[in-house]
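Trainee: structure for the following, please:
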Amino acid sequence: MRFNADLQTRPPWLPPAPCAAHLALLWWWEAGAAKARRARGWWRQVAAAEADLPQAQRLRAAQRDGALQRWLLPHLLSAALAAGHPPGAAVAGAGGKVASAASGGGGEAAAGDGLAVAAAAADSELRALVPRFAMALGIQAAAEGDGVEAALSAAFGGGDEGSIGPEGVPASRQLQLLDLALFHTAEAAAQLLACVAPQAAGDGGGGGGDGLEGASGRVQRRAALLTSALEGLRRGAEARLAPGACECGLLPGAALSLASLLVDGGCLWVTSCLESWSRAVKASKRKQSKKSAAPPPAAAALATPAVQSALSALGAAAAAAAALAGSLAAACKQLLQQAAEQSEAVLLQQLDPQSSDVMRQLVGWEPRLSVHHVIKAVQGEQRQVLQRVAAAAAALQQRLAAVAW
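Mentor: Okay, here's the model as predicted:
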């Protein structure tokens, strides 16, 4: 994992990032020069990553945790999406055999059994994986997820301006906690769907534990934390992507990195999971016996006050995700409307070889050397990233607008 890592190849102002590899760029921007100066030099020795220094030990632990997070992520996503397996679709059973939940013996009951099996399997897998994911983030998952909920409340619970900032939780950490909040909510959603599905099959139980009321309460509580996480990230992203945050006509790398990670990761996964759960709920409401005009049992269960409160909490999370995607799209479009020529002129003035002693030392020795093509390339790359983020965020906002309960 690390024997082939040459820590000398990093510029001295970019120390090894003690986080998952995909968050390294954002972490470097957040760390700033102060942390780089405090930690400078320890990785310059031979085999620094294998040293017994405390810094090297922390780096190895962070790399192990980051690798575990990335390994767990696809498994958690698969289980979270499987929690909303629609009734009547193909359900994988024991031994890998696949059967249609609506085929053979009793349509509605089989459909309810299909969703119950899928939701119960997802619940079991999430119960096993979420604590491991939390521990990889340095969070002890106590019974019933109290440790996870305490950590999420501490990170996203207070502050009118959100907790992203110099004194708050770094954005790289908040992105990790957003993933944890999603999978923590998915575990409760799987329990709720496992409780509701047996109603369609004529069974009064399902889901285990404390039944429909308990599962509904967990969904309501955890979805509220997911909503707080999305709202906190939205406020932080808006501040970072504001036109006033530009320096010399360019956005800092932290802003672009955060926006890209949201549309390619956290916000995308929240959208996909909410869509899956919403489809399962709507399908359960539609399942009705041909021999009876009475409402389907699952619909009656979904109409109870406890379940309605849980579904309202999931709806609030969908609204928060849509607001985050909308803010990203609007901010990127606003930045793209700024005149590229004006930004280019500001940068050329700042980087003029005759503007300061520093610039003369860098490029003034060669009169033919020009930074104009470099500036054009940087601006072009930044505008491409902004265009991609704006398009992806607008697509996510459109998908979330169709999520209904």
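Trainee: going forward, measure contacts between C-alpha atoms and count neighbours the same way
Mentor: Fine.
Trainee: just the pLDDT at the residue nearest to residue 321 when sequence neighbours are not counted, thanks.
Mentor: By the measure of CA to CA, 6 or more residues apart in numbering, the closest residue to residue 321 outside its immediate chain neighbours is residue 230, 6.1 Å from it. Here, the pLDDT recorded for residue 230 equals 95.
Trainee: now do residue 354
Mentor: Note on residue 354: pLDDT of 63.
Trainee: returning to what we had before: contacting residues for the residue nearest to residue 321?
Mentor: Each residue near residue 230 by CA atoms under 8 Å, 6 or more residues apart in numbering is listed here: 178, 317, 320, 321, 324.
Trainee: low-confidence regions, the stretch 151-300 of the chain specifically.
Mentor: The stretch 151-300 of the chain contains residues with pLDDT under 70 at 158-167, 197-210, 248-249, 287-298.
Trainee: is it true that residue 30 touches residue 253?
Mentor: No: in this structure, residue 30 is not within contact of residue 253 by CA atoms under 8 Å, at 9.5 Å.
Trainee: show me where the stretch 201-350 of the chain has helices.
Mentor: With helices called from DSSP state H, counting those that start in this stretch, the stretch 201-350 of the chain shows them at 211-240, 253-261, 267-286, 297-302, 305-336, 340-350.
Trainee: give me the three-state assignment for residue 52.
Mentor: coil (DSSP: H, G, I helix; E, B strand; the rest coil).
Trainee: report how many residues lie close to it.
Mentor: Applying other CA atoms under 10 Å, we find 9 residues neighbouring residue 52.
Trainee: likewise residue 155?
Mentor: Other residues near residue 155 come to 23 when the count uses other CA under 10 Å.
Trainee: list the buried residues for the host helix or strand of it?
Mentor: Using DSSP states H and E, residue 155 falls within helix 146-156. Neighbour counts using 16 or more other CA atoms under 10 Å place 147, 148, 149, 151, 152, 153, 155, 156 of helix 146-156 among the buried residues.
Trainee: same thing with stretch 316-331?
Mentor: For stretch 316-331, by 16+ other CA under 10 Å, it's 316-331.
Trainee: so which of the residues you listed comes closest to residue 284?
Mentor: residue 318 (19.6 Å; CA to CA).
Trainee: thought that closest one was touching residue 403?
Mentor: Yes: when contacts are counted by CA under 8 Å, residue 318 is listed as touching residue 403 (7.2 Å).
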